[in-house]
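what's the 3D shape of this:
(2 chains)
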Number of protein chains: 2
Amino acid sequence: MFDNKDKTDINELGEFGLIKYLTDAVEITVSSTTKGIGDDAAVLDFNNKKTLISTDLLLEGIHFDLRYVPLKHLGYKAVQVNLSDIYAMNGLASQITFSIGLSSKFPLEAVEEIYEGALIACKKYNVDLVGGDTSASAQGLVISVTSIGYADADKIAYRSGAKEGDLLCVSGDLGGAYVGLQLLEREKNIFLENPEIQPDLEGKDYIIERQLKPEARKDVVELFETYGIQPNAMIDVSDGLASEILHICHASKVGCRLYEEKIPLDPMTYETAREFGLDPTVCALSGGEDYELLFTVSQDQYDKIKNQLDISIIGYITEEHAGCEMISKSGHVHPITAQGWNAFKK
Amino acid sequence: MFDNKDKTDINELGEFGLIKYLTDAVEITVSSTTKGIGDDAAVLDFNNKKTLISTDLLLEGIHFDLRYVPLKHLGYKAVQVNLSDIYAMNGLASQITFSIGLSSKFPLEAVEEIYEGALIACKKYNVDLVGGDTSASAQGLVISVTSIGYADADKIAYRSGAKEGDLLCVSGDLGGAYVGLQLLEREKNIFLENPEIQPDLEGKDYIIERQLKPEARKDVVELFETYGIQPNAMIDVSDGLASEILHICHASKVGCRLYEEKIPLDPMTYETAREFGLDPTVCALSGGEDYELLFTVSQDQYDKIKNQLDISIIGYITEEHAGCEMISKSGHVHPITAQGWNAFKK
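Predicted coordinates for the structure are as follows:
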């Protein structure tokens, strides 16, 4: 996979050398970071705010395929995916720890690229890298990220806060990351059959980026702050819209009506899904990895929400016994079922 | 490795089912845990304390060998190793996140055992399990633990706080975990050559426990609180005494004198090291995984330290130019060099 000629063997540096080499590039810029890398633990100061913690494990061959995921993008995405969980609480991320386990097939330059991507994400989102662990692995690449953030106690949006009559809203558009993945898989398979055929991804930048370089929606949390919007419940869309709606409804003990025609789809997502013979709505419902924010707000916040170009009102919350249902474009009623991505059913 | 007859295939449960199954056993008991498992992030409240964060990645074939590490012990040790980093800051651990990646060779019962060990450690140390991630892995077992704790700002002991004239102290005894590992490796090899020979570990309980079931020294942090002892610098002994002394000296820009005769060794460690033809002092200096606390205190705290049965004064801090040296039992002076465990040099 890698051309290791002229590359640096990590064994030459050793663990401490590698850690020093990598952490020399790390700057501390966030005011709540009292002490970052370099001691037994990082020291953080959140004053009177609540502390938020979330963690993800990303494993080669399960969560990513290095045959088409560039390492820098992988580092970037690993951070974004995790920050997204902090924003989904209506909080701001302030620190991460970033751990890597990697086998001897990876040269030092590979580790550098992963960290470079991670640090670009940190810089863009004003997050300090304050710790981590770097180790050899017997096989494959392992990344573990923990995000730390903060929020005022009365601003935190749990999954369980949705109330009957709330508007069901989502940021951005959905299904793009999944359709982008289909495209990358197709080109990988063509390449494996005939390495002389170059990948044809022209004009598909948006959905490829949705898959390879997702952006966590910090801007939506900031928009809530600016316009005084308080989400009653919120979750990020990592497993597909259907699965996340069910999480909110189950946790909040409510039902919902979702309107298929209101689900935001980018035209490229729509067209490419069609090319693959896929139903674009199903891509949005079950595709996952969009990292948009799904939330509910009271109807009295409608005036604040309606003019936000990047937020779609896609339905409303009902009482629990009414169930979770989607009204299709043709007016039929379908129960919403989760067919989200499942790491154990690959 | 496992007898999977009558065992439950994880695929039957799926990811969400597995998470629900595992988290049903998790109780929240720590007052700083506002919200544990079940949302995008955990919510914690440290009031006016500083927040401490530390993380570790444990990989099969690198950090542990499942041929002699029972899964429950592995879960227990994974937590202890990580809590140890919080205590090494003179803080108290209050929460962990615990993530597992595991291949299809592991039945549900294996995951349960790992979690059971982790939860026993949590309960014993009054720590809440507040999050994590559970995923399939392409190969091997992956564990990632992040510990969260707290401390008063003026009590935190960094590696960099050692001052000339400080007493150099260590809790407990050293080298046992390394000698225990030698014993387990020997018995594994005998077993692999002739599976009919049963392992002979009789009378070696202490050093086997030091390796398989280490205990993080929360009690030392509590002892400091009780007796009003403030360590100037502190680190936990994970890579061997020599390596940790050098970390403190480099971070604090000081030198030190270590007395070989003062290094605390358990008699069983001493005898078993001799049986293996190993120098017990070298086992303490370079063995690692003892998870004792190495710290320095001002000389004016000598009266508070001298009667603590479980703390040994093993040397003192000098000015930087004097270097880091050990005075051997025969009175010779040796420079202290780090030959600690290195995951990249297995």
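
Can you pull the domain assignment for chain A?
With domains defined by automatic domain parsing, chain A comprises A:10-155, A:159-335.

Which parts of chain A are strands?
Taking DSSP state E as the criterion, chain A carries its strands at A:33-35, A:42-44, A:50-59, A:92-102, A:128-131, A:134-136, A:142-151, A:167-171, A:233-236, A:254-259, A:293-297, A:311-319, A:324-327, A:333-335.

Throw those strands into TSV and include mean neighbour count and mean pLDDT, thanks.
(Each C-beta comes from the backbone N, C-alpha and C, glycine too.) Output for the strands of chain A, formatted as TSV (neighbours: other C-beta atoms under 10 Å in any protein chain shown; pLDDT from 0 to 100):
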stretch	mean neighbour count	mean pLDDT
strand A:33-35	18	86
strand A:42-44	25	87
strand A:50-59	26	94
strand A:92-102	26	93
strand A:128-131	28	91
strand A:134-136	21	85
strand A:142-151	28	95
strand A:167-171	24	98
strand A:233-236	27	97
strand A:254-259	21	98
strand A:293-297	27	98
strand A:311-319	21	98
strand A:324-327	20	97
strand A:333-335	11	95
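
How about the contacts made by A:V30?
Contact analysis of A:V30 by C-beta atoms under 8 Å, 6 or more residues apart in numbering or on different chains lists A:94-95, A:126-128.

Next, the contact list for the most centrally placed residue in chain A, please.
In chain A, the residue lying closest to the centroid (C-alpha atoms, centre = their mean) is A:V81, at 3.1 Å. Applying C-beta under 8 Å, 6+ apart, we find A:V81 in contact with A:56, A:58, A:145, A:214, A:216, A:238, A:291.

Also A:A25?
A:115-116, A:119 are the contacts of A:A25 under C-beta under 8 Å, 6+ apart.

Could you list the buried residues of stretch A:100-115?
Using 16 or more other C-beta atoms under 10 Å in any protein chain shown as the burial criterion, the residues of stretch A:100-115 that qualify are A:100-103, A:106-108, A:110-115.

Just the CA trace of it, in PDB.
Extracted in PDB, the C-alpha atoms of stretch A:100-115 (Å, rounded to 0.1, in the frame of the first residue of the first chain):
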ATOM      1  CA  ILE A 100      -2.900   5.700  17.400                       C
ATOM      2  CA  GLY A 101      -1.900   2.100  17.200                       C
ATOM      3  CA  LEU A 102      -0.100   1.100  14.000                       C
ATOM      4  CA  SER A 103       1.600  -1.900  12.500                       C
ATOM      5  CA  SER A 104       5.100  -2.000  11.100                       C
ATOM      6  CA  LYS A 105       3.800  -1.500   7.600                       C
ATOM      7  CA  PHE A 106       3.400   2.200   8.300                       C
ATOM      8  CA  PRO A 107       6.400   4.400   8.000                       C
ATOM      9  CA  LEU A 108       6.800   7.500  10.200                       C
ATOM     10  CA  GLU A 109       5.500   9.700   7.300                       C
ATOM     11  CA  ALA A 110       2.200   7.900   7.500                       C
ATOM     12  CA  VAL A 111       1.800   8.700  11.200                       C
ATOM     13  CA  GLU A 112       2.700  12.300  10.400                       C
ATOM     14  CA  GLU A 113       0.000  12.600   7.800                       C
ATOM     15  CA  ILE A 114      -2.700  11.300  10.200                       C
ATOM     16  CA  TYR A 115      -1.600  13.700  12.900                       C
END
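
Is it in proximity to chain B?
Yes: residues of stretch A:100-115 contacting chain B under C-beta under 8 Å from any C-beta of the partner chain: A:100-101.

which residues are contacting that stretch?
With contacts defined as C-beta under 8 Å, 6+ apart, stretch A:100-115 is touched by A:1-2, A:4, A:7-13, A:18, A:21-22, A:25, A:70-72, A:74-75, A:78, A:98, A:132-143, B:57, B:59, B:62, B:142.

If we use 7 Å, what do you get?
Residues outside stretch A:100-115 that contact it (C-beta atoms under 7 Å, 6 or more residues apart in numbering or on different chains): A:2, A:4, A:7-10, A:13, A:22, A:71-72, A:74-75, A:134-143, B:57, B:59.

Mind checking which of the residues you listed are buried?
Using 16+ other C-beta under 10 Å as the burial test, the contacts of stretch A:100-115 include A:10, A:13, A:22, A:71-72, A:74-75, A:134-137, A:139-143, B:57, B:59 as buried.

coming back round to it: is it possible to get JSON lines of the contacts of A:A25 that adds pLDDT?
As requested, those are arranged in JSON lines below (pLDDT from 0 to 100):
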{"residue": "A:Y115", "pLDDT": "90"}
{"residue": "A:E116", "pLDDT": "92"}
{"residue": "A:L119", "pLDDT": "93"}
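
quick one: which of the residues you listed is nearest to chain B?
Comparing the contacts of A:A25 against chain B with C-beta to the nearest C-beta places A:Y115 closest, at 14.8 Å.

From A:L184, how far off is the closest one?
Look at A:Y115 and A:L184: by C-beta to C-beta, to the nearest Å, they are 23 Å apart.

and what of A:Y206?
Distance of A:Y206 to A:L184, given as C-beta to C-beta: 13 Å.

Ok, A:I37 next?
To A:L184, A:I37 is 34 Å away according to C-beta to C-beta.

Please apply the same query to A:D279.
According to C-beta to C-beta, A:D279 and A:L184 sit 20 Å apart.

Pick out whichever of these two has more residues nearby.
Applying other C-beta atoms under 10 Å in any protein chain shown to A:D279 and A:L184 shows that A:L184 carries more neighbours, namely 21 against 12.

Around chain B, pick out the residues from the stretch 101-250 of chain A.
When proximity is defined by C-beta under 7 Å from any C-beta of the partner chain, the stretch 101-250 of chain A lies next to chain B at A:101, A:130-133, A:135-140, A:142, A:144, A:146, A:148, A:156, A:158-159, A:235-236.

can you do 6 Å?
Those residues of the stretch 101-250 of chain A that sit near chain B, judged by C-beta under 6 Å from any C-beta of the partner chain, are A:101, A:131, A:133, A:135-140, A:142, A:144, A:146, A:158-159.

Out of those residues, which is nearest to B:D300?
Set against B:D300, the nearest of those by C-beta to C-beta is A:G131 (33.1 Å).

quick one, what contacts the spatially closest residue to that closest one that is not a sequence neighbour?
Once flanking residues are discounted, A:G131 sits nearest to A:T97: 4.0 Å by C-beta to C-beta, 6 or more residues apart in numbering or on different chains. By C-beta atoms under 6 Å, 6 or more residues apart in numbering or on different chains, the residues touching A:T97 are A:131-132, A:146, B:55.

can you list those in CSV and add distance to B:P267?
Formatted as CSV, the contacts of A:T97 follow (distance: C-beta to C-beta, whole Å):
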residue, distance to B:P267
A:G131, 38
A:G132, 39
A:T146, 41
B:T55, 36
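
Need the per-residue pLDDT for A:G36.
pLDDT, A:G36: 84.

what's the spacing between it and B:I314?
Counting by C-beta to C-beta, the gap from A:G36 to B:I314 is 30 Å.

try A:I313
Where B:I314 is concerned, A:I313 sits at a distance of 67 Å (C-beta to C-beta).

Likewise for A:S328?
Counting by C-beta to C-beta, the gap between A:S328 and B:I314 amounts to 74 Å.

How about A:Q230?
Taken as C-beta to C-beta, the span from A:Q230 to B:I314 is 57 Å.

Next: A:T23.
In terms of C-beta to C-beta, A:T23 sits 29 Å off from B:I314.

Pull up the gap between A:L192 and chain B, please.
Remark: distance between A:L192 and chain B (C-beta to the nearest C-beta, to the nearest Å) = 18 Å.

sorry, back to before: show only the entries of the buried residues of stretch A:100-115 found in helices.
A:108, A:110-115 (DSSP state H).
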